[in-house]
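In: based on what follows, work out the 3D shape:
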Amino acid sequence: MRTILAVLLLAGCTHAVTLLPRSGGEKAYGEYNDGSRGMTVTIRGETYTGSYVVGSGVGMTLSRGTVAPGIGVSNQRSALLTGRRGNVRCDFALSGFGGNGVCMDPDNNIWDLIVGKE
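Out: Now for the predicted structure:
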């Protein structure tokens with residue numbers, strides 16, 4: 001029983017991501033896995049695959065003139081994905097069941113990244 005539980009925990013969950021080009025045009029799609037820390041996106045027919053690292057971030061909230069650290073804690077992720085044309089770099093944060101961030105493709109185009117539903 002413990003072996004099955006350990007395998008399930010290591011497998012993780014796969015989450016859909018949508019990439020919206022800031023310059024306009026077609027959306028791109030992909031996914032990441034929080035168990036293997038793998039990520040794949042397909043932009044304009046080219047697939048980029050790699051992994052991400054996880055760091056912790058602490059948000060700051062301004063309330064009645066006072067800064068309160070520790071509010072809005074999220075998990076920051078940075079990914080380096082490679083494809084035949086070069087690299088895609090992404091930075092994103094998760095909170096609850098969704099998240100957002102930004103990616104830059106090999107042509108230096110900026111893409112807004114959405115985790116979960118659009």
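
In: could you list the low-confidence segments of this structure?
Out: The chain contains residues with pLDDT under 70 at 1-11, 56-74, 117-118.

In: for stretch 93-105, buried residues please.
Out: 93, 94, 99, 101, 103, 105 (16 or more other Cβ atoms under 10 Å). To be clear about C-beta, it is placed using only N, CA and C from the backbone, and glycine gets the same treatment.

In: show me which of the residues you listed is closest to residue 51.
Out: In terms of Cβ to Cβ, no member of these lies closer to residue 51 than residue 103, at 14.5 Å.

In: wasn't the closest one part of a helix?
Out: No. Using DSSP: H, G, I helix; E, B strand; the rest coil, the secondary structure at residue 103 is strand, not a helix.

In: that one contacts residue 50, doesn't it?
Out: No. Under the criterion of Cβ atoms under 8 Å, residue 103 makes no contact with residue 50, lying 11.5 Å away.

In: now do the shared contacts for these two.
Out: Shared contacts of residue 103 and residue 50 (Cβ atoms under 8 Å, 6 or more residues apart in numbering): 79, 88.

In: still on that earlier bit, which two from the buried residues of stretch 93-105 end up farthest apart in space?
Out: Farthest pair in those, by Cβ to Cβ: 94 and 105, 21.7 Å.

In: that older thread, among the buried residues of stretch 93-105, which one sits closest to residue 21?
Out: When those are ranked by distance to residue 21 (Cβ to Cβ), residue 105 comes first, at 8.8 Å.

In: how close does the closest one get to residue 83?
Out: Computed with Cβ to Cβ, to the nearest Å, the distance linking residue 105 and residue 83 is 9 Å.
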